[in-house]
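Student: how does the following fold in three dimensions:
(one chain, ligands or ions: 1)
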Amino acid sequence: MLRISELKLPLDHTPEELADAVSSYLKVPAADVRSFTVFKRSYDARKGVMSLVYIIDVDVANEDKLFVRFKGDRRVMPTPDTHYYYVAQAPENLKSRPVVVGFGPCGIFAALILAQMGFKPIVLERGKEVRQRTKDTWGLWRKSQLNTESNVQYGEGGAGTFSDGKLYSQIKDPRHLGRKVLTEFVKAGAPEEILYLARPHIGTFRLVSMVENMRAEIIALGGEIRFEQRVDDLILDGDSVRGVKLADGGEVLSDHVVLALGHSARDTFQMLEKRGVYMEAKPFSIGVRIEHPQSLIDAARWGKYAGHPILGAADYKLVHHAGNGRAVYSFCMCPGGTVVAATSEEKRVVTNGMSQYSRNERNANSGFVVSISPEVDYPGGPLAGLDFQRELESKAYELGGGDYFAPAQLLGDFMAGKASTQLGEVEPSYKPGVTMTDLSRILPDFCVEAMREAIPHFARQIRGYDLYDAVLTGLETRTSSPLRITRGDDFQSLNIKGLFPAGEGAGYAGGILSAGVDGIKIAEAVAQAIVAGG
Ligand code: FAD
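Tutor: Numbering: from 1, shown residues only. I've put the predicted structure just below:
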């Protein structure tokens, strides 16, 4: 196969025009092109003209001659092999089955790949299966009732289940493991377009059924998924893990334990610290969610093309390096979505965002956050970041007035340094509800200062971003894990053999796709360790 990059066509082109563009670029008769597939489609809005930009894989006659003809043209090359190849196969007499703790994207992919290689993993997940979990999560949003073991953070599918389902990442991926993640998602029911769109997303409803389908495949391959099984302790033999203890007193023995805990498993982090597992504090970010009318973002980003069905609801990505040394940036932007209550702990308020596949809610929302670091902001050991988060989340709960209402403020009032007393044209989407107040009362001063400085810069990139009535809802405290459970080149804990820290909670991923990719890498490391007898 031959790959052509940067093939640019007008937004409203026909399929025939794409076919013509392929044969014209290669300067061959149309009949020579046996077939082609779109590997990637992005858009280019430079100079006020919106174009679609393609990477196309072509099955064409006389391919070798074409490679000679196009030698030196960096836009024509052989199609790279993006297939996934398994690194090991389970032995017939598999003695110890690997245990995977957590069934978020990282745990799902660790378990799936292990199962596909024949290792029959046992998954232990503290939360409930996804349908039941959905009901519990809605219990917080609709009735202010939090279930501390079944919520936005905990349960089948992990933290990304109630999300926008954005599926892109900036990780280096020379082995195309991201492609394996996307291919498995499509097999489980995701739309095929996620394989070729530059910024794909699936939305929350589809994620629910995809997670169920992936669970079914793991079970069909001999794996087991046990819900409502919280791991409360490790069974150690010197510096080697021999299994885990469960909250109900049970034990599961294994010499290979994957910890795919997510960033909110604070009680489990505390247990690991007590057990002496090597960890270190790491930087993350804090701030608020900001909501604008989606139409404002569409107009700013797409101009006259706003509303075009191919483009859908517009997103944005913004960064400003503030004078006080802090980076201020947009985080987990959800076009046409809602702000969600994302706490897993009582009497704490945490925001995040989600959307449906259609992205057709009236508001755009995004984290509007400021970087913080352990050296300056929360010195005191690996768990200090957790305490810092908890303190802020408790303050947010109090300022919100209780019942998981979130404190909120109009952007204009925040900029002017005065408390808000009523809403303007933007109706906030956070449920169970918001209390208008002054967010600078609970955000650290350096955050307030950096955020105020960033707004005019952001408004130069997104016209109207500084809308007085845009709503800030707080606080956004769980942008990534506050710690890293450091691992060595063999993917095992630095000081506990057989323990494989993985995914976002361990500090090795940030997002659904990268957590899935890390799950694959961990599955490979576990499989290789088992096969090698380690
Ligand atoms: P998690 O998904 O957090 O999974 C960890 C699992 O471990 C949980 O199910 C938990 O219950 C379980 N667990 C924890 N402790 C124990 C224990 N002791 N015993 C047993 N089980 C345990 N990312 C994107 O890329 N795109 C998005 O659009 C997006 N939107 C998001 C929206 C929201 C509301 C949230 C909360 C997150 C969003 N994210 C998004 C981030 C994404 O969800 C995470 O990066 C990803 O889920 C991390 O995967 P993980 O498997 O490492 O951890």
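Student: got phi/psi on whatever residue of the stretch 201-350 of the chain ends up closest to the ligand?
Tutor: The ligand sits closest to Gly262 of the stretch 201-350 of the chain, with a gap of 2.0 Å, by Cβ to the nearest ligand atom. Placement of C-beta: from N, CA and C, glycine included. The phi/psi pair for Gly262 (degrees, to the nearest 10) reads phi 80, psi 170.
Student: ok, it - contacts?
Tutor: Residues in contact with Gly262 (Cβ atoms under 8 Å, 6 or more residues apart in numbering) are 102, 104, 106, 153-154, 158-159, 503-505.
Student: what helices and strands are in contact with whichever strand or helix holds His320?
Tutor: Assigned by DSSP states H and E, His320 falls within strand 319-321. Applying 3 or more Cβ pairs under 8 Å, 6 or more residues apart in numbering; DSSP states H and E, one finds that strand 319-321 makes contact with strand 327-334, helix 445-461.
Student: quick one: residues in contact with the longest one.
Tutor: Spelled out, it's helix 445-461. Defining contact as Cβ under 8 Å, 6+ apart, one finds that helix 445-461 is touched by 286-288, 316, 318, 320, 322-324, 326, 328, 330, 368, 370, 411, 414-415, 439-440, 443, 465-466.
Student: could you do stretch 87-99 as well?
Tutor: 114, 117-124, 243-244, 252-258, 524, 526-528, 530-531.
Student: give me the subset of the residues you listed touching the ligand.
Tutor: Among those, the ones lying near the ligand by Cβ under 6 Å from any ligand atom are Leu124.
Student: buried sites along the longest strand along the chain?
Tutor: Counting residues, the longest strand found in the chain (DSSP state E) is strand 33-44. Neighbour-count burial for strand 33-44, counted by 16 or more other Cβ atoms under 10 Å, picks out 33, 36, 38-39, 41, 43.
Student: tabulate the residues you listed (a markdown table), appending distance to Val49.
Tutor: As requested, the buried residues of strand 33-44 are exported to a markdown table (distance: Cβ to Cβ, whole Å):
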| residue | distance to Val49 |
| --- | --- |
| Val33 | 27 |
| Phe36 | 25 |
| Val38 | 21 |
| Phe39 | 23 |
| Arg41 | 17 |
| Tyr43 | 11 |
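Student: name the element Gly336 belongs to?
Tutor: Assessed by DSSP H and E, Gly336 sits outside every helix and strand.
Student: gap between the nearest residue to it once chain neighbours are set aside and the ligand?
Tutor: Excluding its sequence neighbours, the residue lying closest to Gly336 (Cβ to Cβ, 6 or more residues apart in numbering) is Arg359, at 3.4 Å. Distance, Arg359 to the ligand, using Cβ to the nearest ligand atom, to the nearest Å: 11 Å.
Student: contacts only, for Ala396.
Tutor: Contacts here follow Cβ under 8 Å, 6+ apart; on that basis Ala396 touches 348-350, 406-407, 442, 474-475, 477.
Student: tell me the SS of it?
Tutor: With DSSP: H, G, I helix; E, B strand; the rest coil as the basis, Ala396 sits in helix.
Student: quick check, pLDDT for it.
Tutor: Looking at Ala396, its pLDDT reads 98.
Student: specify the local secondary structure of the closest residue to it other than its chain neighbours.
Tutor: Spatial nearest neighbour of Ala396, chain neighbours left out: Val349 (4.0 Å); criterion: Cβ to Cβ, 6+ apart. Look at Val349: counting by three-state DSSP, its state is coil.
Student: about what we covered before: as JSON lines, the helices and strands packed on strand 319-321 with mean neighbour count and distance to Val340 would be great.
Tutor: Conversion of the helices and strands packed on strand 319-321 to JSON lines gives the following (neighbours: other Cβ atoms under 10 Å; distance: least, Cβ to Cβ, whole Å):
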{"stretch": "strand 327-334", "mean neighbour count": "22", "distance to Val340": "9"}
{"stretch": "helix 445-461", "mean neighbour count": "18", "distance to Val340": "21"}
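Student: could the ones you listed be laid out in TSV, adding distance to the ligand?
Tutor: Below are the helices and strands packed on strand 319-321 laid out as TSV (distance: least, Cβ to the nearest ligand atom, whole Å):
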stretch	distance to the ligand
strand 327-334	5
helix 445-461	20
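Student: can I get those in TSV with mean pLDDT and distance to Ala384?
Tutor: Putting the helices and strands packed on strand 319-321 into TSV (pLDDT from 0 to 100; distance: least, Cβ to Cβ, whole Å) gives the following:
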stretch	mean pLDDT	distance to Ala384
strand 327-334	97	20
helix 445-461	98	17
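Student: thinking again about what came up before, the residue nearest to Ala396 and Cys447: what is the separation?
Tutor: Separation of Val349 from Cys447 (Cβ to Cβ, to the nearest Å): 16 Å.
Student: can I get the biggest helix by length in the chain in CSV, CA atoms only?
Tutor: Using DSSP state H, we find that the single longest helix of the chain is helix 512-531. Extracted in CSV, the C-alpha atoms of helix 512-531 (Å, rounded to 0.1, in the frame of the first residue of the first chain):
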residue,chain,number,x,y,z
ILE,A,512,-8.8,7.5,28.0
LEU,A,513,-6.6,6.7,25.0
SER,A,514,-3.3,7.0,26.9
ALA,A,515,-4.7,5.0,29.8
GLY,A,516,-5.7,2.3,27.2
VAL,A,517,-2.2,2.4,25.6
ASP,A,518,-0.6,2.1,29.1
GLY,A,519,-2.9,-0.9,29.8
ILE,A,520,-1.6,-2.7,26.7
LYS,A,521,2.1,-2.0,27.7
ILE,A,522,1.4,-3.3,31.2
ALA,A,523,-0.3,-6.4,29.8
GLU,A,524,2.7,-7.1,27.7
ALA,A,525,5.1,-6.6,30.6
VAL,A,526,3.0,-8.9,32.8
ALA,A,527,2.8,-11.6,30.1
GLN,A,528,6.5,-11.5,29.5
ALA,A,529,7.2,-11.7,33.2
ILE,A,530,5.0,-14.7,33.6
VAL,A,531,6.4,-16.5,30.6
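Student: nice, that's everything, thank you.
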